[in-house]
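A.B. asks: With the sequence up front, the predicted model follows.
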Amino acid sequence: MTIPQLTTEQLEAARAAATEARRRRADLKGKVRSGELSLSKALDSAAGDDVLAHVKVVDLLKALPRVGEKRAALVMERLDIAPNRRIRGLGRHQVAGLKAEFSDR
């Protein structure tokens, strides 16, 4: 199977869509970082949004205040979440565990 050749317009549209998706994911993490959005609400919004569902769980956790690489890794290991897991790939027990762990945020 060969890769289809895209027209200039299709390439521009794909670039614009990718840029918009990155901006929306960064915006979600920014709102979590600033405290405007709790982890629970962020997980809920990502559950119903294909673009936001692509955020890596570790990146979302590191956006929380006072959660760094080490704490994020410990929490994910305890909840049996793979280091490269994205929000879309979480099971309901994992989501519930994350919400319980960070219920105060």
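C.D. replies: Structure received. Not measured: the values here are computed from a predicted model.
A.B. asks: all helices of the protein, in order?
C.D. replies: 8-34, 39-47, 57-62, 69-78, 92-101 (DSSP state H).
A.B. asks: same for the third one, what does it pack against?
C.D. replies: Under the contact criterion of 3 or more C-beta pairs under 8 Å, 6 or more residues apart in numbering; DSSP states H and E, the helices and strands touching helix 57-62 comprise helix 8-34, helix 39-47, helix 69-78. The way it works is simple: take the backbone N, C-alpha and C, and place the C-beta from them, glycine included.
A.B. asks: How far away from the center of its chain is that helix?
C.D. replies: Relative to the centre of its chain, helix 57-62 is centred 7 Å away, using C-alpha atoms, centre = their mean, to the nearest Å.
A.B. asks: With just CA atoms, put that helix into PDB.
C.D. replies: Provided in PDB are the C-alpha atoms of helix 57-62 (Å, rounded to 0.1, in the frame of the first residue of the first chain):
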ATOM      1  CA  VAL A  57      -1.900  10.600  31.300                       C
ATOM      2  CA  VAL A  58       1.600  11.300  32.600                       C
ATOM      3  CA  ASP A  59       1.500  14.800  31.000                       C
ATOM      4  CA  LEU A  60      -1.900  15.600  32.500                       C
ATOM      5  CA  LEU A  61      -0.700  14.500  35.900                       C
ATOM      6  CA  LYS A  62       2.500  16.600  35.600                       C
END
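A.B. asks: Please enumerate residues in contact with it?
C.D. replies: The contact list for helix 57-62 (C-beta atoms under 8 Å, 6 or more residues apart in numbering) reads 28-29, 32, 39, 42-43, 67-69, 71-73, 75-76, 81, 83, 85-87, 90, 98, 102.
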